[in-house]
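**Student:** A structural model of the following input is requested.
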Amino acid sequence: MKTIRQYPIIQITKKGKKFLQEGHPWVYEGEVVDVINNPEDGQLVDVMANNTYMGTGFYNSHSKIRVRLISRNANDTFDENFWYRRAKYAIQYRQTVMPDEDFKCCRLVHGEADQFPGLTIDRFNTLLSVQFVCLGMDKIKDVILKAFYDILTEMGENIEGIYLRNDVSIRKLEGMEEYKGWYEGISHPDSALVEIIENGIIYQVDVENGQKTGFFLDQKYNRKAIRRISKDKTILDCFTHTGSFGLNAAKGNAKHVTSVDISSSAIEMARENARRNHLDNISFEVCDVFDLLTQLDKEKKHPYDFIILDPPAFTKSRNTIKDATRGYKEINYRAMKILPRGGYLATCSCSHFMSDELFRKMLADAAKDANVALRQIEARQQACDHPILWNVDETNYLKFYIFQVC
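**Tutor:** Predicted coordinates:
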């Protein structure tokens, strides 16, 4: 059999071929029939189904995802120019779909959705926060990061440092170590704290210690949607983390916002963000949201006419969907019971495994049990700098709904 270029070859099953033909960029371990020429982990390989070339990608024998495709063009050459072009495409997309003021605070790379498998790059003003969870991409990080730094610098953007947030457990599954720290390929400031502006609100982002890459950018426009209907409302903002939904509600002239979270450090950062923005119609409490909602329901009082539920992902695998569904139903049921008729509810799930169909069914069941009807105001998803590829389900993860409870 004639090889494509000089790369090792991965032969796959008919099922694997069908999966790739449908547009998905991964080859799973169970779809590999033969491995030819002993590829090293992180090396590029050509994927073949019998004598049909299916694409080229990074191989990893440690991972259940054996190959992550980067191209389906047998004529591509994967040199610095290739990755520079890819980086430019990703940046140009954000410049096209987002307002100019949002470009300084956005996701520049959303993994497979930008054809950078296992790579996340978030821009927080003058800092880039980067995470590699694909070994092949990690091995060429110097090329990748130089491309983004050079393009942004050529555009006149001021990038003072690149911070590597490679402190996630999935790296172990890929045969990589966990760590975090400054990328030494360019100079960097002494501190990983940086100020950003989102929707006109100033936040301090801790790129070194904040959750994920430092700050959740995917809810940017959902927060703006909340602000539009917050005027004169008394609002309970649950799972506030560093306060973003609550701050947008306060900025929208809410009568008062109570933001709660179980993390005392998150609440302190939220308080500081409120002080930074001179918002005095918002207060913060450290508490367990499940306990608080249960207590409010038992008291049969209706102190809030708008409740926001932005919980962490209750499931990160298919095996725990049932438990997650119970958790989502519990908080939504309690919120529906607490709200007066005519009150407002914003609710979401950031778990890919909790599909939109499952989430909607859960909400319908919660409404039935609470003996209320839901009038849908908006159904939204993640911001456009977190693009969704219809042929890659994993890129579609955020469900966000705003209802009036009738």
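
**Student:** Tell me the helix or strand right after the helix or strand containing Gln295.
**Tutor:** Using DSSP states H and E, the secondary-structure element containing Gln295 is helix 289-299. For helix 289-299, the succeeding helix or strand toward the C-terminus, using DSSP H and E, is strand 306-309.

**Student:** Return that next one as PDB; C-alpha atoms alone will do.
**Tutor:** Listed next in PDB are the C-alpha coordinates belonging to strand 306-309 (Å, rounded to 0.1, in the frame of the first residue of the first chain):
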ATOM      1  CA  PHE A 306     -36.100  37.300  39.500                       C
ATOM      2  CA  ILE A 307     -33.800  34.400  40.100                       C
ATOM      3  CA  ILE A 308     -30.600  33.600  38.100                       C
ATOM      4  CA  LEU A 309     -29.200  30.000  38.200                       C
END
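
**Student:** So which elements touch it?
**Tutor:** Contact analysis of strand 306-309 by 3 or more C-beta pairs under 8 Å, 6 or more residues apart in numbering; DSSP states H and E lists strand 234-238, helix 244-251, helix 321-338, strand 344-349 as its packing neighbours. No exception for glycine: its C-beta is placed from N, CA and C like everyone else's.

**Student:** can you pull the contacts of Lys220?
**Tutor:** Residues counted as contacts of Lys220 (C-beta atoms under 8 Å, 6 or more residues apart in numbering) are 102, 106, 198-199, 383, 385.

**Student:** okay, the helices and strands packed on strand 306-309, which one's buried deepest?
**Tutor:** The highest average neighbour count among the helices and strands packed on strand 306-309, using mean count of other C-beta atoms under 10 Å, belongs to helix 244-251 at a mean of 28.

**Student:** what is the rounded mean pLDDT of it?
**Tutor:** Predicted confidence along helix 244-251 averages 98 (mean pLDDT).

**Student:** any idea how far that helix is from the chain center?
**Tutor:** Counting by C-alpha atoms, centre = their mean, to the nearest Å, helix 244-251 is centred 20 Å from the centre of its parent chain.

**Student:** which helices and strands sit right next to it?
**Tutor:** Identification of packing neighbours for helix 244-251 by 3+ C-beta pairs under 8 Å, 6+ apart yields strand 201-206, helix 220-228, strand 234-238, strand 256-261, helix 264-276, strand 282-286, strand 306-309.

**Student:** 7 Å instead?
**Tutor:** Using 3 or more C-beta pairs under 7 Å, 6 or more residues apart in numbering; DSSP states H and E as the contact criterion, the elements in contact with helix 244-251 are strand 201-206, helix 220-228, strand 234-238, strand 256-261, strand 282-286.
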